[in-house]
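*Asks:* Take a look and give me a structure for this.
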Amino acid sequence: MKKVRRLLSMALAIMFAVSVFSIRSEAAMSAAGQAHMRPLSENEVQLIYTMFKADEYTKMYPDVKEVLGTDEMTLFNHFITFGIWEQRQPCVAFNVDVYATRNPDLHKEFGDDIVAYYRYYATHLNEQSWRTTPTKYDALWHNCIIYSVYDFVEGQDGPREGAVPVQTGNYHPDVFINGEDPSEANKAFE
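*Replies:* Numbers count the residues shown, from 1 in each chain. Here you go, the predicted structure:
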């Protein structure tokens with residue numbers, strides 16, 4: 001309970017510290033992310049915190065590190081305030097789009113409720129051994145087409161009609177093969 005109070009107190013104190021960055025983040029957020037934004041319950045914050053890895057977050061999102069630094073609570077506050085709605089990953093081992101797409105029973109049940117996938121993942125760890133690995137690399141390795149979690153509709157099999165994949169075998173932003181950043185490889189051809 002003391003840790004929870006500390007976590008919540010720090011989150012509120014940090015809100016002021018991230019106000020400049022928040023204006024930029026909200027402006028850059030997709031319409032779908034803005035439409036789904038809502039306050040998280042204390043329980044949801046606690047569950048999501050169990051998945052958050054600050055060191056991995058800063059490596060995946062240098063834009064956030066550049067503005068906010070490396071303080072774990074500041075980064076976590078950014079994630080629960082903006083990052084989750086922007087579909088940023090809390091850690092390398094979990095991508096919500098991959099998890100939703102590759103688990104049809106869940107996207108049929110949860111639709112586009114992004115927080116429901118986090119809650120389910122964090123509270124059903126015993127199932128994770130038989131569910132697919134929720135990473136972009138695993139999806140690429142298995143040649144899966146991945147859709148945004150915001151493209152799913154509760155009760156419907158598959159994404160909504162007209163949905164555009166966020167990752168395919170030929171299009172996989174932020175997934176580097178053999179550890180090479182494609183932007184660096186492409187510079188040789190410029």
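*Asks:* pretty sure Cys144 is touching Arg102, no?
*Replies:* Yes: counting by Cβ atoms under 8 Å, Arg102 is a contact partner of Cys144 at 6.2 Å. Any C-beta I mention is one placed from the backbone N, CA and C, and that applies to glycine too.
*Asks:* Determine the residues that are contacts of both of these two.
*Replies:* In terms of Cβ atoms under 8 Å, 6 or more residues apart in numbering, Cys144 and Arg102 are not both contacted by any residue.
*Asks:* ok, now how distant is Phe79 from Glu109?
*Replies:* 24 Å (Cβ to Cβ, to the nearest Å).
*Asks:* out of these two, which sits in the more crowded spot?
*Replies:* Neighbours per residue (other Cβ atoms under 10 Å) separate Phe79 from Glu109, with Phe79 holding more: 24 against 15.
*Asks:* Please report phi then psi for the closest residue to Ile146 other than its chain neighbours.
*Replies:* Nearest residue to Ile146 in three dimensions, chain neighbours excluded: Gln167, at 4.0 Å (Cβ to Cβ, 6 or more residues apart in numbering). Backbone torsions for Gln167, taken as degrees, to the nearest 10, come to phi -160, psi 140.
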